[in-house]
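can you look at this prediction? I've put the sequence above it.
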Amino acid sequence: MSRRTILGSLRDARMRAVLASPRHRRHSHDTLVLEVTGRRSGKRYRIAVSYVEAGGDLLVFVDEADAKRWWRNLRGGAPVRVLLRGRWQTARAHVVGDDDPTALAEALARFVAAWPGFVDLGLPPAERYSAEELLPAARGRAVITIRL
C-alpha cells in the first residue's frame, strides 16, 4: 500500500469518526458517510465523501473514477445507508458515469452549480457551466445521485 493510500485511509477514518460524533455539525454541511455493500463480497464499506444537495438529491462527485472501485457497486442503482447530519438513513444511490456522457455532464453541471470551485475541471473560471461545456470534462469522472 502506498504512502498516499495509507494517509488517505487515515484521513477517511478520522472523518468518519468525527461525523459519527457529537462534533459532526462542523463538517456535516458538506461531508457524509456513505455505506456501500459489495455486490459480490457482501462486505460493507464506509466512505467519507463530500456532497452537495441539489433538487432534493444528494450528489457525490467521483474524480479519477477509473482508479476507485467503491462506486462501481452502485451501478444500476443500489440501496445504501448514509450518515447525514448525525443520523443514519436508508437511501437509494445511482451512478451517472461516462458510459452516458450527456447525463454525466448534466449531473456535473448540477454539482458545480451547487458548489462552485470544489471541482477543478480544467476549464476557465465561470459562475455556471452548461452541460455542453462540461461534456469534454466528464471523461473519467462519475457523479453518484443519492435519493433519501
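Structure's in. What do you need?

where does the residue most central in space within the chain sit, in terms of helix or strand?
By CA atoms, centre = their mean, the chain has its centre lying nearest to V60, at 2.3 Å. Under the criterion of DSSP states H and E, V60 resides in strand 57-62.

residues in contact with that strand?
32, 34, 49-53, 68, 71, 82, 84, 91, 107-108, 110-111, 114, 118-119, 141-148 (CB atoms under 8 Å, 6 or more residues apart in numbering). No exception for glycine: its C-beta is placed from N, CA and C like everyone else's.

which of those are buried?
Burial by neighbour count, judged by 16 or more other CB atoms under 10 Å, picks out 32, 34, 49-52, 71, 82, 84, 91, 107-108, 110-111, 119, 141-146 from the contacts of strand 57-62.

on that earlier part again, how far away from the center of its chain is the strand holding V60?
In terms of CA atoms, centre = their mean, to the nearest Å, the gap separating the centre of strand 57-62 from the centre of its chain is 4 Å.

change the start of the numbering to 790 and stick with it
New numbering, starting at 790: the last item is strand 846-851.
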